[in-house]
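Engineer: Have a look; sequence and predicted model below, questions after that.
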Amino acid sequence: MGLVFALCNRTAFCSPLPPIEQFLFGKLRLSELIQTLIAQFSAGYIAFSFARIIWLRAYSTTNAHSQILGIMESCGFNHPYPIYYHLAFELIGTFIVRHVLTRATSESRDSRIRFVFPALFMAAVFTGTVTFIGDQALDPLVASTLFYGCRGLNFENYMLVYWIAPTIGWMASAYWDSLGEESAKKRAAKERKSEKKRAKKNE
């Protein structure tokens with residue numbers, strides 16, 4: 001599924017974090033940000049509703065669907081550690097995910113790496129997360145469709161873990177990259193100045 005998404009996606013955001021990043025760095029207008037977020041949450045709600053209809057219709061015949069529907073109805077999720085563990089994972093995890101994916105999908109990379117590696121990387125991240133840490137999202141949109149309104153997770157903790165922490169992690173990675181870009185621009189400017197000075201001396 002991840003490979004199909006990697007091949008079919010044409011620069012769609014699919015997460016609220018990239019458009020928020022572009023807005024904060026002046027690459028996206030406020031109206032465009034609002035339109036993007038509305039489109040994302042509308043699509044998430046439609047997908048959730050469609051999946052729920054499928055599970056309801058297959059409830060009596062498929063054990064897997066009945067289990068998923070039971071989780072949806074009870075809104076139970078797997079949080080084996082204290083809440084601050086999950087908060088730290090969302091913050092650090094989104095930092096790492098953005099840091100890795102922005103480099104893996106760079107235009108300088110081979111096309112096979114740009115298409116295949118991100119899908120395999122995210123599959124490994126989510127498999128390891130569910131196995132060893134518990135239910136995590138690393139994406140506020142995914143968290144909204146899965147965990148919002150769940151019993152046992154109040155609104156304050158939900159916003160802190162699934163919105164504020166990943167947003168901080170993502171923006172920290174973006175800020176880290178912006179510092180590198182600024183230093184690269186400064187080095188390039190110094191090199192141009194030194195070249196001009198050398199050219200004048202040679203004259």
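Structural biologist: On my side now, so go ahead.

Engineer: Tell me where the chain has helices.
Structural biologist: When assigned using DSSP state H, the helices of the chain occupy the ranges 2-8, 17-24, 30-57, 63-74, 83-104, 111-132, 140-147, 155-159, 165-202.

Engineer: Switch the ones you listed over to CSV; also include mean neighbour count.
Structural biologist: Every C-beta, even on glycine, is put in place using the N, C-alpha and C of the backbone. Formatted as CSV, the entries for the helices of the chain read as follows, by neighbours: other CB atoms under 10 Å:
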stretch, mean neighbour count
helix 2-8, 12
helix 17-24, 19
helix 30-57, 13
helix 63-74, 13
helix 83-104, 18
helix 111-132, 13
helix 140-147, 20
helix 155-159, 13
helix 165-202, 13
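
Engineer: In JSON lines: those, plus mean pLDDT.
Structural biologist: Conversion of the helices of the chain to JSON lines gives the following (pLDDT from 0 to 100):
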{"stretch": "helix 2-8", "mean pLDDT": "49"}
{"stretch": "helix 17-24", "mean pLDDT": "90"}
{"stretch": "helix 30-57", "mean pLDDT": "82"}
{"stretch": "helix 63-74", "mean pLDDT": "60"}
{"stretch": "helix 83-104", "mean pLDDT": "88"}
{"stretch": "helix 111-132", "mean pLDDT": "80"}
{"stretch": "helix 140-147", "mean pLDDT": "76"}
{"stretch": "helix 155-159", "mean pLDDT": "83"}
{"stretch": "helix 165-202", "mean pLDDT": "78"}
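
Engineer: list the contacts for the closest residue to Ile92 other than its chain neighbours?
Structural biologist: In space, Ile92 comes closest to Gly169 once its chain neighbours are excluded; the distance is 6.3 Å by CB to CB, 6 or more residues apart in numbering. The neighbourhood of Gly169, defined by CB atoms under 8 Å, 6 or more residues apart in numbering, consists of 90-95, 98.

Engineer: Just give me the residue closest to the centre of the protein.
Structural biologist: The structure's the chain has its C-alpha centroid closest to Asp139; by CA atoms, centre = their mean the separation is 4.5 Å.

Engineer: distance of it from Glu191?
Structural biologist: Between Asp139 and Glu191 the distance, using CB to CB, to the nearest Å, works out to 40 Å.

Engineer: now Phe121
Structural biologist: Where Glu191 is concerned, Phe121 sits at a distance of 35 Å (CB to CB).

Engineer: before we move on, what about Tyr81?
Structural biologist: For Tyr81, the distance to Glu191 - CB to CB - is 49 Å.

Engineer: domain ranges for this protein?
Structural biologist: As recorded under automatic domain parsing, the domains making up the chain are 17-74, 77-184.
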